[in-house]
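Colleague: give me the fold of what follows.
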Amino acid sequence: MPTFACPRCGSPVSLRRAFNIGNKPFCSRCGWNLDRAQSALAAKSTFVRFFPIAIGALVFFLIFTTAKSSTNPALFLVPVLFLAVGSIPVVGYYSTKKAIAAAKFTVNPDLAVAQPPLDSALQLLQSQPRPRRVSLRFQGNLLAPLVALTFIGIITFIAASSFSHAPSSRGNHSFTPFFPLLFMAVFLVLAFVVPIFRESRNRPLLRDGELAFARVVSQRTVQQGKSSYSSIDYEFKTNNGLQIRSTGRDLTNSVFEDMTIPVFYDPANPDKNITPCATYLKVSTASL
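Modeller: Got it, this is the predicted structure:
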């Protein structure tokens, strides 16, 4: 489980990401974000009650359909995969609930400090000369399409194997993975190539923009149709003392209230700014 330093006391904090169920982290040492984490978890209780029922019904349907339509034992892996994936958010919910209950007996707010030291990664970023080296950040939301493509590939392979071993008869055509593979190729283009082209406007800010450190004021999950994303509000001061407040998406799902994050801005127009968590690009800090 990934960890980061608590923005109040510097202690390691676990980042719980199981399908965004109870994804608000908290510090069991000083109590940072504990109330917010409990509220976010309570909002998911209805979903967790009905989700196992839906997954169970789907698995039962898949088992019944598989048993009726094919004798290939490999196809029984499909409902097993659905069951394994479906259990992740439920397990994550109850483990987070248990951790919050335990943290209430261990927190000590007096351990929080008013101004924690700047993270070493931010200090390293601060030392980078301009123009900075910018590259693609292969993580966060870019990783989800890869997982989906892998899952589709497994299902396609199992289905192709099943049809290839099925007894041939008149009118029974062999299964070809052409259309699933074509779908995967189109999906790959939409998921990877299109965002990369859109990031071209952010590259100059990361490469040549002024660097400031912002404080995250709020973080919330925004529902957009059937999907959702993390949105953050942050504040920072420019070099001439101007206070700027902006909103952006957190593509990494790892930024929360009170955190200190880097912001690259245009000194001529500070409202034009970008924080690394809102882009698929990153500033490389590796030595030449």
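Colleague: and residue 235, bridged to which residues?
Modeller: According to DSSP bridges, the partner residues bridging residue 235 are residue 215, residue 245.
Colleague: residues in contact with it?
Modeller: 214-215, 217, 243-246 (C-beta atoms under 8 Å, 6 or more residues apart in numbering). Just so you know, the C-beta spots here come from the backbone N, C-alpha and C atoms, and that holds for glycine as well.
Colleague: redo that, cut-off 10 Å
Modeller: 212, 214-217, 243-246, 263 (C-beta atoms under 10 Å, 6 or more residues apart in numbering).
Colleague: before we move on, what about residue 7?
Modeller: Residue 7 is in contact with 13, 27, 30, 32-33, 112-113, 116, 119, 215-216, 256-260, counting by C-beta under 10 Å, 6+ apart.
Colleague: about what we covered before: which of the contacts of residue 235 are buried?
Modeller: Buried by 16 or more other C-beta atoms under 10 Å: 212, 214, 216, 244, 246, 263, out of the contacts of residue 235.
Colleague: out of those residues, which is nearest to residue 90?
Modeller: Using C-beta to C-beta, the shortest approach to residue 90 within the buried ones among the contacts of residue 235 belongs to residue 216, at 29.1 Å.
Colleague: correct me, but the closest one touches residue 257?
Modeller: Yes - between residue 216 and residue 257 there is a contact at 5.6 Å, judged by C-beta atoms under 10 Å.
Colleague: pull up the overlap in contacts between those two.
Modeller: 7, 232-233.
Colleague: shaky segments in the stretch 101-250 of the chain?
Modeller: Within the stretch 101-250 of the chain, the segments meeting pLDDT under 70 span 138-185, 187-192, 194-195, 226.
Colleague: now the strands for it?
Modeller: 134-136, 210-224, 227-237, 243-250 (DSSP state E, counting those that start in this stretch).
Colleague: let me have the buried ones among the contacts of residue 235 in JSON lines, extended by distance to residue 124.
Modeller: Converted to JSON lines, the buried ones among the contacts of residue 235 look like this (distance: C-beta to C-beta, whole Å):
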{"residue": "212", "distance to residue 124": "16"}
{"residue": "214", "distance to residue 124": "17"}
{"residue": "216", "distance to residue 124": "20"}
{"residue": "244", "distance to residue 124": "24"}
{"residue": "246", "distance to residue 124": "23"}
{"residue": "263", "distance to residue 124": "16"}
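Colleague: the helix or strand where residue 47 lies - what's its average pLDDT?
Modeller: Using DSSP states H and E, residue 47 sits in helix 45-69. Helix 45-69 shows a mean pLDDT of 68.
Colleague: on that earlier part again, what about the contacts of residue 7, which one has the most neighbours?
Modeller: Using other C-beta atoms under 10 Å as the neighbour criterion, residue 32 leads the contacts of residue 7 with 26 neighbours.
Colleague: so who does that residue touch?
Modeller: Per C-beta under 10 Å, 6+ apart, neighbours of residue 32: 6-9, 11, 13, 25-26, 107, 109, 111-112, 256-259.
Colleague: follow-up on the earlier one: for residue 57, which of the strands of the stretch 101-250 of the chain is the nearest?
Modeller: Nearest of the strands of the stretch 101-250 of the chain (C-beta to C-beta): strand 227-237, 22.7 Å.
Colleague: and the closest one with strand 210-224, angle?
Modeller: 150 degrees (axes from the mean of the first three to the mean of the last three C-alpha atoms, to 10 degrees).
Colleague: show me what counts as buried in strand 227-237.
Modeller: Neighbour counts over strand 227-237 (16+ other C-beta under 10 Å) mark 230, 232-234, 236 as buried.
Colleague: which one of those is nearest to residue 102?
Modeller: Out of the buried residues of strand 227-237, the member with the shortest distance to residue 102 (by C-beta to C-beta) is residue 230, at 25.7 Å.
Colleague: wait, what's in contact with that closest one?
Modeller: Contacts of residue 230 by C-beta under 10 Å, 6+ apart are 20, 23, 140-141, 219-222, 248-256, 277-278.
Colleague: picking up where we left off before, just the buried ones among the contacts of residue 235 now: which is nearest residue 133?
Modeller: residue 263 (18.4 Å).
Colleague: pretty sure residue 261 is touching residue 276, no?
Modeller: Yes - assessed by C-beta under 10 Å, residue 261 is found in contact with residue 276 at 7.5 Å.
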